[in-house]
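S.K.: Let me see the structure of the following:
(one chain, ligands or ions: 1)
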Amino acid sequence: MVKLSRRAALGALAAVPVAAPLLPHLVPAAALAQQPAAAPAAQQAPGFYRTRVGDLVVTRINDGQFARPKPTEGFVRNASADEVAAALRNAHLPTEALTIPITFMAVQGGGRTVLLDVGTGGQLMPTAAHGARNMAAAGIDPAGVTHVVISHFHPDHIGGLTGADGKAAYPNAEILVPEAEWAFWMDDGAMSRAPEAMQGTFKLVRGRFAAYPAERIRRYGSDAEVVPGIQAIAAPGHTPGHTVYGLSSGGKQLMVLSDTSNHPALFVRNPGWHAIFDMDPTLAESNRRKLFDRVAADRAPVVAYHFPFPGVGHITARERGFEYEPAPWSSEL
Ligand SMILES: [Zn+2]
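M.R.: Numbers count the residues shown, from 1 in each chain. Okay, the predicted model is just below:
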């Protein structure tokens, strides 16, 4: 066996000509110097993702995110700061701010383009202002939307009903809203009894719907099939008319959980935790547990509005609580 000293080995390497024959794919340095420097990208890749439910094509459309500062302080009503911090750390999330994604969706099939909620409309916060751009990237024209189905009237779900000009963002759509949600937010008595901080929400809600002719707003009952293949399931608690949906087509199903749970690292792991946003936290918890039990037992795929994008996956029962398991990203539809 030939033994090379370290010095001889290095010398042998240095003697190999590093010119063209070894690295033919490299552009000569002189040519590189003439290229303009490539600027790094300034924004995230388009945020849309497709999945199929039988004959229905679902497009998840990311609207962006908002950062909840200090999620260990007051965000979960009935857990200590230490418990919330531990849950965040277990999920490899920072404890000083919680990123809450916002993703609505389009359901296309049977000649219809149905939106389930519409995002913020870019009018609530600069970090949640990508819905229109991502919908355009997905090739969905707002003028071609036939139905808008609203789960509840929180501003991050209905803000996008109008553009910044105050006009209807979906000029040809029928707007479908839960009867119980409409009854609450349009009730002057409820508005006058609401705390100061909620008065602005009442005004925003009323302004958004006022942009549409009354005859184009249809109220649906608690267990209506709102559009063929989209079954409403009343799940109040988060708000009085909060609604989730069972999508079904060709023997396939998808449960649209809306705001049954905010961030899964907190409220799927701990279904008994109460988020500050839930108007009736006890009722919200009871419906959350029922829905999680059902989708876990059925092994039904789920999507949810505030889960990490694209928010498509399963919920599995654990010894204590549940786990959200994101579905693998698929390059095939
Ligand atoms: Zn929400």
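S.K.: Leaving out the residues flanking it, which one is nearest to the residue of the stretch 201-333 of the chain found nearest the ion?
M.R.: When you check the stretch 201-333 of the chain against the ion by C-beta to the ion, the closest residue turns out to be Asp259, at 4.4 Å. Every C-beta, even on glycine, is put in place using the N, C-alpha and C of the backbone. Leaving out its chain neighbours, the residue that sits closest to Asp259 by C-beta to C-beta, 6 or more residues apart in numbering is His238, at 4.8 Å.
S.K.: Do a quick rundown of the strands in the stretch 151-300 of the chain.
M.R.: 174-178, 217-220, 225-227, 230-234, 243-249, 252-256 (DSSP state E, counting those that start in this stretch).
S.K.: Report all helices and strands that the longest one contacts.
M.R.: Counting contacts by 3 or more C-beta pairs under 8 Å, 6 or more residues apart in numbering; DSSP states H and E, the secondary-structure elements packed against strand 243-249 are strand 48-53, strand 56-69, strand 230-234, strand 252-256.
S.K.: what's the neighbour count on Cys156?
M.R.: Quick fix: residue 156 reads Asp, not Cys. Residues near Asp156, counting by other C-beta atoms under 10 Å, number 24.
S.K.: Check whether it really touches Thr120, as I assumed.
M.R.: Yes. Assessed by C-beta atoms under 8 Å, Asp156 is found in contact with Thr120 at 5.3 Å.
S.K.: Quickly list what's touching both of these two.
M.R.: Asp63, Ile102, Ala128 (C-beta atoms under 8 Å, 6 or more residues apart in numbering).
S.K.: Tabulate the residues you listed (TSV), appending neighbour count and distance to the ion.
M.R.: Shown next, in TSV, are the shared contacts of Asp156 and Thr120 (neighbours: other C-beta atoms under 10 Å; distance: C-beta to the ion, whole Å):
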residue	neighbour count	distance to the ion
Asp63	32	11
Ile102	26	7
Ala128	23	11
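S.K.: Between those residues, which has the least confident prediction?
M.R.: For the shared contacts of Asp156 and Thr120, the weakest pLDDT value sits at Ala128, with 94.
S.K.: is it true that that residue touches Asn62?
M.R.: No. In this structure, Ala128 is not within contact of Asn62 by C-beta under 8 Å, at 9.3 Å.
S.K.: Need the overlap of contacts for those two.
M.R.: Counting by C-beta under 8 Å, 6+ apart, the residues touching both Ala128 and Asn62 are Ile102.
S.K.: Which residues of this protein lie near the ion?
M.R.: With C-beta under 5 Å from the ion as the criterion, the chain meets the ion at residues Asp156, Asp259.
S.K.: center of the chain, which residue is that?
M.R.: For the chain, the residue nearest the mean C-alpha position is Thr103 (2.4 Å; C-alpha atoms, centre = their mean).
S.K.: In a helix, that residue, correct?
M.R.: No. Residue state for Thr103 (DSSP: H, G, I helix; E, B strand; the rest coil) corresponds to strand; a helix is not indicated.
S.K.: Please enumerate the helices of this structure.
M.R.: 6-15, 29-34, 81-90, 131-137, 155-158, 179-185, 188-193, 196-210, 264-267, 281-298 (DSSP state H).
S.K.: Dump these into JSON lines; add mean pLDDT and distance to Ala97 as well.
M.R.: Output for the helices of the chain, formatted as JSON lines (pLDDT from 0 to 100; distance: least, C-beta to C-beta, whole Å):
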{"stretch": "helix 6-15", "mean pLDDT": "52", "distance to Ala97": "50"}
{"stretch": "helix 29-34", "mean pLDDT": "60", "distance to Ala97": "41"}
{"stretch": "helix 81-90", "mean pLDDT": "98", "distance to Ala97": "10"}
{"stretch": "helix 131-137", "mean pLDDT": "97", "distance to Ala97": "22"}
{"stretch": "helix 155-158", "mean pLDDT": "98", "distance to Ala97": "17"}
{"stretch": "helix 179-185", "mean pLDDT": "98", "distance to Ala97": "29"}
{"stretch": "helix 188-193", "mean pLDDT": "95", "distance to Ala97": "32"}
{"stretch": "helix 196-210", "mean pLDDT": "95", "distance to Ala97": "21"}
{"stretch": "helix 264-267", "mean pLDDT": "98", "distance to Ala97": "13"}
{"stretch": "helix 281-298", "mean pLDDT": "98", "distance to Ala97": "23"}
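S.K.: who wins for proximity to Arg320 among the ones you listed?
M.R.: In terms of C-beta to C-beta, the element of the helices of the chain nearest to Arg320 is helix 81-90, at 11.8 Å.
S.K.: What is the closest one packed up against?
M.R.: helix 264-267.
S.K.: which residues are contacting the helix it packs on?
M.R.: Contacts for helix 264-267 (C-beta under 8 Å, 6+ apart): 71, 76, 84, 87-88, 90-91, 93, 98, 261, 273, 275, 288, 304, 307-308, 324.
S.K.: Quick one, which of those are buried?
M.R.: 71, 76, 84, 87-88, 93, 98, 261, 273, 275, 288, 304, 307-308, 324 (16 or more other C-beta atoms under 10 Å).
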